[in-house]
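Colleague: With the input below, show me the fold.
(chains A and B)
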Amino acid sequence: SQQGEEDPQALSIQEGENATMNCSYKTSINNLQWYRQNSGRGLVHLILIRSNEREKHSGRLRVTLDTSKKSSSLLITASRAADTASYFCATEGIQGAQKLVFGQGTRLTINP
Amino acid sequence: DAGITQSPRHKVTETGTPVTLRCHQTENHRYMYWYRQDPGHGLRLIHYSYGVKDTDKGEVSDGYSVSRSKTEDFLLTLESATSSQTSVYFCAISDWGGGQTQYFGPGTRLTVL
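Modeller: All right, here's what the predicted structure looks like:
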């Protein structure tokens, strides 16, 4: 069963704009992670936020976590063409430590 | 992809034939994972290993088996490939498991005709 549901499935914006992707999940978690996948490549880890954290920053990335709503968002500020990729959230459940459950991903396209 | 290789990178096979995919790591990480990626399903865990000869099932393990005889190698075997196993397969590694980043290999594209 898929733990994470991502919204939107696809997003197209102009270079320089901000991009926001959302992830909802169903069960209690230890942490939530975001990964990026460029076309034809493996996934690359972006950021991890633990269940006791509400917000985390890494460069142009800002992640929020609301455990009461079982949701997270990933904000990419000042987008660049190189940000074009698919973005996946992944949750590590309390029961299933050492295992991640991935969402279906958001396909982000940055138009020059 | 550094430190993780997958072989082969592409394979076309026929229904009913056995197939083995190999994941090799040079990072000495304890945990290794096999996922499949299909359109509309994201990544789904097939099997994972938490040490040499220690493996467990994931979400979609039916039709797959794994073996890990050395820390650096994790093999995924399709005993009798079916068309529904056409997919892109990714290997991942992690050092401590819980609460840790997973690092992914470049993937193997498998087509079962």
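
Colleague: list the contacts for residue 80?
Modeller: Picking chain A for this. Residues in contact with residue A:80 (C-beta atoms under 8 Å, 6 or more residues apart in numbering or on different chains) are A:15, A:110. From N, CA and C alone the C-beta is placed, and that goes for glycine too.

Colleague: I was after chain B.
Modeller: Applying C-beta under 8 Å, 6+ apart, we find residue B:80 in contact with B:16-18, B:63.

Colleague: Chain A contacts on chain B?
Modeller: Those residues of chain B that sit near chain A, judged by C-beta under 8 Å from any C-beta of the partner chain, are B:1, B:4, B:31, B:33, B:35, B:40-45, B:48, B:50, B:58-59, B:90, B:92, B:94, B:97-99, B:101-107.

Colleague: can we see that at 10 Å?
Modeller: Applying C-beta under 10 Å from any C-beta of the partner chain, one finds that chain B approaches chain A through B:1, B:4, B:6, B:30-31, B:33, B:35, B:37-45, B:48, B:50, B:56, B:58-59, B:88, B:90-92, B:94, B:96-107, B:109.

Colleague: hang on, the earlier thing: may I ask which of the contacts of residue B:80 has the most neighbours?
Modeller: Most neighbours among the contacts of residue B:80, by other C-beta atoms under 10 Å in any protein chain shown: residue B:63, with 14 neighbours.

Colleague: before we move on, back to that, pull the most distant pair out of the contacts of residue B:80.
Modeller: Greatest spatial distance among the contacts of residue B:80 (C-beta to C-beta): B:17 and B:63, at 13.1 Å.

Colleague: which residues do those two both contact?
Modeller: Residues touching both residue B:17 and residue B:63 (C-beta atoms under 10 Å, 6 or more residues apart in numbering or on different chains): B:78-81.

Colleague: most centrally placed residue in chain B?
Modeller: residue B:34 (2.8 Å; C-alpha atoms, centre = their mean).

Colleague: Right, I'll call it a day here.
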